[in-house]
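# Below is the structure, and that's it, no one-letter string:
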């Protein structure tokens with residue numbers, strides 16, 4: 001019954017105007033108050049730290065826009081990026097290096113969000129599709145220098161007890177990947193020009 005109520009509430013949200021989050025909270029309250037889910041199960045069966053982390057992380061883009069940090073980021077990034085706007089190769093290289101530096105301070109997701117918010121508005125000035133800038137940032141965010149920078153590497157390493165791969169070998173391969181990434185971006189410039197994605 002509760003599942004039917006929840007799914008129906010979500011599907012009919014355009015008609016009754018109640019946000020999906022409120023419907024989920026009501027369904028959750030029903031489950032707790034009817035004893036279907038008890039407090040002990042809630043404490044032990046749900047990874048609250050992960051939920052809070054995901055909630056905070058996913059709210060960052062909205063927070064950046066509402067607090068006008070996005071405009072501040074554009075103002076900060078413009079002097080670094082715009083001098084290279086006439087040369088896509090140098091432009092991509094600067095964005096890649098900025099992404100590498102940001103990844104030393106932030107997680108991949110936060111680095112991608114921060115740079116996307118800062119650089120996508122500049123795409124019009126540069127005469128380039130926002131898709132290209134997003135692609136450059138996304139691929140650059142996969143490059144890492146320390147194991148803690150990539151969550152899924154750490155997860156894969158711990159679940160295989162270190163037998164799946166070794167970090168010394170990965171650390172040796174990673175600079176090659178970073179260089180190959182930049183070369184591939186530069187090699188793609190003629191094709192992207194042909195598609196009209198770069199002016």
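That came in fine, so what should we check first? Since the structure is predicted, the reported quantities are computational estimates derived from the model, not experimental observations.
# Name the residues of the top helix by length along the chain that are buried.
Secondary structure of the chain per DSSP state H: the longest helix is helix 167-195. Residues 174, 178, 181, 182, 185, 188, 189, 192 are the ones in helix 167-195 that count as buried (16 or more other CB atoms under 10 Å). C-beta coordinates here come from the backbone N, C-alpha and C atoms, glycine included.
# So, low pLDDT: which residues of the chain?
Scanning the chain for pLDDT under 70 picks out the ranges 147-154.
# before we move on, back to that, from the buried residues of helix 167-195, pick the one nearest residue 68.
residue 185 (31.0 Å; CB to CB).
# Contact partners for that closest one?
89, 92, 96, 136, 139 (CB atoms under 8 Å, 6 or more residues apart in numbering).
# who wins for neighbours among those residues?
Neighbour counts for these (other CB atoms under 10 Å) peak at residue 136, which has 26 neighbours.
# Make sure it is indeed in a helix.
Yes. Under DSSP: H, G, I helix; E, B strand; the rest coil, residue 136 sits within a helix.
# Skipping adjacent residues, who's closest to it in space?
The spatially closest residue to residue 136, leaving aside those adjacent along the chain, is residue 95, at 5.0 Å (CB to CB, 6 or more residues apart in numbering).
# Quick check: next helix or strand after the helix or strand hosting the one you found?
In this assignment (DSSP states H and E), residue 95 forms part of helix 88-105. Going down the chain from helix 88-105, the next helix or strand is helix 108-119, by DSSP H and E.
# Closest to residue 169 out of the contacts of residue 185?
residue 139 (21.6 Å).
# Double-check that the closest one belongs to a helix.
Yes. Under three-state DSSP, residue 139 falls within a helix.
# OK, contacts around the residue lying closest to it once chain neighbours are set aside?
Distances taken as CB to CB, 6+ apart put residue 181 closest to residue 139, at 5.8 Å, once the chain neighbours are dropped. Residue 181 makes contact with 96, 139, 140, 142, 143, according to CB under 8 Å, 6+ apart.
# what does residue 192 give?
Contacts of residue 192 (CB under 8 Å, 6+ apart): 88, 129, 132, 198.
# If we use 10 Å, what do you get?
The contact partners of residue 192, by CB atoms under 10 Å, 6 or more residues apart in numbering, come to 88, 128, 129, 131, 132, 135, 185, 198.
# Make JSON lines out of those residues and add distance to residue 19.
Output for the contacts of residue 192, formatted as JSON lines (distance: CB to CB, whole Å):
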{"residue": "88", "distance to residue 19": "42"}
{"residue": "128", "distance to residue 19": "36"}
{"residue": "129", "distance to residue 19": "33"}
{"residue": "131", "distance to residue 19": "30"}
{"residue": "132", "distance to residue 19": "35"}
{"residue": "135", "distance to residue 19": "32"}
{"residue": "185", "distance to residue 19": "40"}
{"residue": "198", "distance to residue 19": "40"}
